[in-house]
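[1] got a predicted structure here, sequence first:
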Amino acid sequence: MRIYRSKRFLQAYLQRLPLENKVGFVPTMGALHEGHLSLVKNAKNTCNTVVASIFVNPTQFDRKEDLDQYPSTLEADLKALQKAGCDVVFIPTVKEMYQNQIVSEVFDFDGLDKVMEGAHRKGHFAGVGTIVKRLFDIVKPHVAIFGEKDFQQLKIIQKMVEKKQIPVKIVGNPIYREADGLAMSSRNVRLTPAHRKAAPLIYQTLQKAQKLFKLHAVKEVENFVIQTFKEQNLLELEYFSIADETTLLPTDKKEKHKKYRGFIAVFAGSVRLIDNIELDY
Ligand code: PAF
């Protein structure tokens, strides 16, 4: 597995690959778990060369505490990437990606960034768009793979690629979960034992909401979720939104031929966890 810290050297290597070589790309912020590795394995199944990046992107963090405490496990990440079949890892510095201007570019995501994560994390998606666009410019992948845990991010990247006409196929990978249902996240290692024990309630509640959605009105499902989190005191519900899967706009009714999803964000102490589930009726 090749490791590059400089975009110039990475590009020089990628430019030497045969033209018919298909490049798959998995951008990450490190602290890798099985979910990330499944993205690499997925890329490996359809591409000749798999490139992963590890870069904790400062512009997408709205809380300094979250950025400062973002876990870093580089040595273990490199071992795991090699085992998963990754061919190339790009580990740039902040300077390499931003020079001396650590600011986001301005994007129009047709409103996809105005709800849920976008509404609660100021500037988050402009930061994601900025870094992903720069990484695409460097790696020039044929395919890029993102986890569906960050479903809104996946939609926003699809929108950016469409609007900027970037020639890359964006693929979404299903959410990877721990045995007790908690969605895998790099932030899970920061949970206290008590919060870790409480956290599976998030997915259990989403599963119940999925069942309720089949028979009950949107408002009733939302009230059920709100009430569930009120009845305990370790997890604090930030939002639960039943939204149209295409526009991500919240809905108050179910319309035929539309696809819906339930989106949730919860604070477990100082750790913010998100999850989502498909809803059909
Ligand atoms: O999902 C992530 O880990 C990050 O948002 C990404 C896509 C690597 C951009 O920094």
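    Arrived safely.

[2] and Ala119, how many neighbours?
    Other residues within reach of Ala119 by the criterion other CB atoms under 10 Å amount to 12. Quick note: C-beta positions are derived from backbone N, CA and C, even for glycine.

[3] please apply the same query to Glu255.
    8.

[4] A strand includes it, no?
    No - counting by DSSP: H, G, I helix; E, B strand; the rest coil, Glu255 falls outside a strand, being coil.

[5] measure it to the ligand for me?
    Remark: distance between Glu255 and the ligand (CB to the nearest ligand atom, to the nearest Å) = 30 Å.

[6] report the separation between that residue and Lys133.
    34 Å (CB to CB, to the nearest Å).

[7] which ones are touching the nearest residue to Phe25 once chain neighbours are set aside?
    Here the nearest residue to Phe25 in space, its sequence neighbours aside, is Pro141; by CB to CB, 6 or more residues apart in numbering that works out to 3.5 Å. Residues in contact with Pro141 (CB atoms under 8 Å, 6 or more residues apart in numbering) are 23-25, 51, 168.

[8] do the same with Thr46
    Shown in contact with Thr46 (CB under 8 Å, 6+ apart): 22, 24, 143.

[9] so where's the stretch 51-200 of the chain shaky on pLDDT?
    For the stretch 51-200 of the chain, no stretch is flagged by pLDDT under 70.

[10] and it, which residues reach the ligand?
    Near the ligand, the residues belonging to the stretch 51-200 of the chain are 57, 60, 128, 131-132, 150, 153 when assessed by CB under 6 Å from any ligand atom.

[11] could you dump those to CSV with distance to Leu37 and secondary structure?
    As requested, those are exported to CSV (distance: CB to CB, whole Å; DSSP: H, G, I helix; E, B strand; the rest coil):
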residue, distance to Leu37, secondary structure
Asn57, 20, coil
Gln60, 22, helix
Val128, 21, helix
Ile131, 21, helix
Val132, 20, helix
Asp150, 16, helix
Gln153, 19, helix
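
[12] ok, and the most crowded of those?
    Greatest neighbour count in those, by other CB under 10 Å, goes to Val128: 27 neighbours.

[13] for that residue, what are its contacts?
    Applying CB under 8 Å, 6+ apart, one finds that Val128 lies in contact with 57, 60, 153, 156-157.

[14] can you pull out the strands in the stretch 1-150 of the chain?
    Along the stretch 1-150 of the chain, the segments classed as strands by DSSP state E, counting those that start in this stretch run 2-4, 23-28, 49-54, 88-90, 143-147.

[15] reformat those as a markdown table; add mean neighbour count.
    Shown next, in a markdown table, are those (neighbours: other CB atoms under 10 Å):
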| stretch | mean neighbour count |
| --- | --- |
| strand 2-4 | 16 |
| strand 23-28 | 25 |
| strand 49-54 | 26 |
| strand 88-90 | 23 |
| strand 143-147 | 23 |
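
[16] can I get those strands in CSV including distance to Leu39?
    Compiled in CSV, the strands of the stretch 1-150 of the chain are given as follows (distance: least, CB to CB, whole Å):
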stretch, distance to Leu39
strand 2-4, 18
strand 23-28, 5
strand 49-54, 8
strand 88-90, 13
strand 143-147, 4
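
[17] surely Leu112 and Gly118 touch.
    Yes - in this structure, Leu112 sits in contact with Gly118. The criterion is CB atoms under 8 Å, and the distance is 7.5 Å.

[18] which residues do the two both contact?
    In the contact map built from CB under 8 Å, 6+ apart, the residues linked to both Leu112 and Gly118 are 125, 152.

[19] could you give the bridge partners of Ala268?
    Beta-bridge partners recorded for Ala268 (DSSP bridges): Leu235, Val271.

[20] so how many other residues sit close to it?
    Neighbours of Ala268 under the rule other CB under 10 Å: 24.

[21] wait, what's in contact with it?
    Listed by CB under 8 Å, 6+ apart, the contact partners of Ala268 are 191, 195-196, 198-199, 234-236.

[22] and if we set it to 6 Å?
    Ala268 makes contact with 191, 195, 199, 235, according to CB atoms under 6 Å, 6 or more residues apart in numbering.
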